[in-house]
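Novice: Next input, structure requested:
(2 chains)
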Amino acid sequence: AQSVTQLGSHVSVSEGALVLLRCNYSSSVPPYLFWYVQYPNQGLQLLLKYTSAATLVKGINGFEAEFKKSETSFHLTKPSAHMSDAAEYFCAVSGGTASKLTFGTGTRLQVTL
Amino acid sequence: EAEVAQSPRYKITEKSQAVAFWCDPISGHATLYWYRQILGQGPELLVQFQDESVVDDSQLPKDRFSAERLKGVDSTLKIQPAELGDSAMYLCASSLTRGSDTQYFGPGTRLTVL
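Specialist: Numbers count the residues shown, from 1 in each chain, chains lettered A, B, ... in the order given. The predicted structure is shown next:
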């Protein structure tokens, strides 16, 4: 079984500041890990994924995440926040290919001027 | 770029009525998923299809929900009768094959039950 915990339901940063969204996972098998972004009343867009290759994963829009097995973490970062980054971010885990995704409860990112 | 299509985008219904949602996955994608997302929560899987066969429907409330993918292409999710607690976003996703790790999501159907 897999589960995901996202620490912080709301995160607020200033434009240009570092973005750090936290995700810890639990999995009984080697996990595949994902970050998705959701804008209001829209579906989910894949930001990046970890599937047992490089532990530092680069995604779209300047986001990246690092898989740390010892800490069971997969935190999402971006060096400089932009107003357009304001959205809901979901971390998800699966047990492998074509397996269902188990999502966290999401973190709403607010970007202020 | 190919996308997952869903309709309608919004649906308002009264409790005890029947509702249906439609999903057209990316062409060639064999695996199709229906998720339910309650406001303020992450999506939860309702049902997974591999071609026209159900692979996982363990979280589908089968007394009122049904899903089909008759020709292994598009899919319909039905609720009958709808209850107030069914108000949520219903998301469809697809992936290329059983060996694919990436799910692509449609825009969702926002259901409001009055």
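
Novice: Going by C-alpha atoms from here, please, whenever you check contacts or count neighbours.
Specialist: Will do.

Novice: how about the residues of chain A near chain B?
Specialist: Neighbours of chain B within chain A, by Cα under 8 Å from any Cα of the partner chain: A:32, A:41-46, A:51, A:90, A:96-106.

Novice: Whichever of those end up buried, select them in ChimeraX.
Specialist: Selecting just the buried residues from those in ChimeraX takes one command, with 16 or more other Cα atoms under 10 Å in any protein chain shown as the test:
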select /A:32,42,43,44,45,46,51,90,96,97,98,99,100,101,102,103,104,105,106
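
Novice: Among the residues of chain A next to chain B, which lie within helices?
Specialist: Among the residues of chain A next to chain B, none falls in helices (DSSP state H).

Novice: So which of the residues of chain A next to chain B are in strands?
Specialist: A:Y32, A:L44, A:Q45, A:L46, A:F90, A:T102, A:F103 (DSSP state E).

Novice: okay, those residues in JSON lines with pLDDT next?
Specialist: JSON lines is the format used below for those (pLDDT from 0 to 100):
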{"residue": "A:Y32", "pLDDT": "89"}
{"residue": "A:L44", "pLDDT": "92"}
{"residue": "A:Q45", "pLDDT": "93"}
{"residue": "A:L46", "pLDDT": "94"}
{"residue": "A:F90", "pLDDT": "97"}
{"residue": "A:T102", "pLDDT": "91"}
{"residue": "A:F103", "pLDDT": "94"}
